[in-house]
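# Could you look at this predicted model? Sequence included:
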Amino acid sequence: MSDERNSDPMLPEYDFKNMPGGVRGKYYKAYRDGHTVKIQQEDGSTVVRHFTLEDGSVMIEPDVREYFPDSEAVNRALRCLIPLLSKEKQPAHERHSDRK
């Protein structure tokens, strides 16, 4: 396989860039903001479901995901940054404990 193919995680069968009107990432922002899906049931009824990111969930951009492929890697890196934050950026319960 070529390096170009290895750097692109999109499987060929899902790559719509060569289809008329096909645009990769067309709904990316809407998906991040939440999206609604209509599901047609066999009985003719429609079920509507709205999906959003769960509380505490974040979307990692592809270039960042190369370095932090899973939750453990992201949490480990963020814990290293916590001591560098100013006291004003620390959680409220920690700021108040300094006032004793």
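Great, that's in hand. Numbers count the residues shown, from 1 in each chain.
# how about stretch 70-82: buried residues?
Across stretch 70-82, burial judged by 16 or more other CB atoms under 10 Å covers Val74. From N, CA and C alone the C-beta is placed, and that goes for glycine too.
# same check, this time on stretch 53-61
Within stretch 53-61, judged by 16+ other CB under 10 Å, no residue is buried.
# chain center to the longest helix anywhere in the chain: distance?
Assignment by DSSP state H gives helix 71-81 as the longest helix of the chain. Distance of helix 71-81 from the chain centroid (CA atoms, centre = their mean, to the nearest Å) equals 16 Å.
# Stretch 41-60: end-to-end distance?
Across its full length, stretch 41-60 reaches 33 Å between end residues, using CA to CA, to the nearest Å.
# would you put the C-alpha positions of the longest helix of the chain in CSV?
This file holds the C-alpha atoms of helix 71-81, laid out as CSV (Å, rounded to 0.1, in the frame of the first residue of the first chain):
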residue,chain,number,x,y,z
SER,A,71,-9.3,8.1,26.3
GLU,A,72,-6.4,6.9,28.4
ALA,A,73,-3.8,8.8,26.2
VAL,A,74,-5.9,12.0,26.2
ASN,A,75,-6.4,11.9,30.0
ARG,A,76,-2.7,11.3,30.7
ALA,A,77,-1.8,14.3,28.5
LEU,A,78,-4.4,16.6,30.1
ARG,A,79,-3.3,15.6,33.6
CYS,A,80,0.2,16.8,32.7
LEU,A,81,-1.2,20.2,31.8
